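Visitor: fold the following and give me the result.
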Amino acid sequence: MKKLFKKPYLVVIAFWCVIFTSIFFLRGKISGEKFESQKWKTANINSEENWSLRWDMMNDLRNDYQLIGMSKNEIIKLLGEPDNKSESFSQFRYSLGYAHFGIDTGTLIIEFEKDSAKNYIVTRG
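Guide: A predicted model of the protein is given here:
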C-alpha cells in the first residue's frame, strides 16, 4: 500500500479511468421518464407539472424507437401532430419543454426525405 502512495499519479489515473469507463457505459442510458406515446401526445407542456416531461422522455424515445426510416404517418401516430411543420413538410418540430439547464428549452426536429425520416436532432437553447 505504501508503494501505491509513493506514486500518487497511479491513483489519479485509476480514478479517472473508472470515471470515464462509467460515463461511456451509461451514456444515453440515463432517462428521467419512460417514453409513453399517449402521455407525450396529451401532455400540456405549459403546465408546471409537465414543463420538462417530453425532455425527460427523449433518452428513452431515442433508445427504444428507431425514428430514422419511419414514415410521416408513423411519426404522427407515435408522437402526435407536430407543433410546427415546415412549409414543404420536410421537417416536423416538437417542443420538448424545459431542458433542466437554466431556462433552456428543447426541440426535437425530424427531417424527412420524401415520406421517410432521414435524420433527427435535439436542440437546446
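Visitor: ok so residue 40 is a helix residue?
Guide: Yes - Residue 40 forms part of a helix when assessed by DSSP: H, G, I helix; E, B strand; the rest coil.
Visitor: quick check: it touching residue 80?
Guide: Yes - contact criterion C-beta atoms under 8 Å: residue 40 and residue 80 qualify, at 6.8 Å. The way it works is simple: take the backbone N, C-alpha and C, and place the C-beta from them, glycine included.
Visitor: the more surrounded of these two?
Guide: Shown here are residue 40 and residue 80; by other C-beta atoms under 10 Å, residue 40 has more neighbours (20 against 15).
Visitor: residues contacting the more buried one?
Guide: The contact partners of residue 40, taken as C-beta atoms under 8 Å, 6 or more residues apart in numbering, are 53, 54, 57, 61, 79, 80.
Visitor: excluding its backbone neighbours, what's nearest the last one?
Guide: Once flanking residues are discounted, residue 80 sits nearest to residue 41: 3.5 Å by C-beta to C-beta, 6 or more residues apart in numbering.
Visitor: cool, and the second one?
Guide: In space, residue 54 comes closest to residue 96 once its chain neighbours are excluded; the distance is 4.3 Å by C-beta to C-beta, 6+ apart.
Visitor: what lines up beside the helix or strand hosting the one you found in the sheet?
Guide: Residue 96 is part of strand 91-98, with elements assigned from DSSP states H and E. Taking DSSP bridges as the criterion, strand 91-98 forms sheet pairs with strand 84-85 (antiparallel), strand 105-113 (antiparallel).
Visitor: just the buried residues of the next helix or strand after the last one, please?
Guide: Sequence-wise, the next helix or strand beyond strand 105-113 is strand 116-124, with elements assigned using DSSP H and E. Residues of strand 116-124 classed as buried under the neighbour-count rule (16 or more other C-beta atoms under 10 Å) are 117, 120, 122.
Visitor: in which helix or strand does the residue most central in space within the chain reside?
Guide: Against the mean C-alpha coordinate of the chain, by C-alpha atoms, centre = their mean, the closest residue is residue 58 at 3.4 Å. Assessed by DSSP H and E, residue 58 sits inside helix 53-64.
Visitor: since that was my last question, I'll sign off now.
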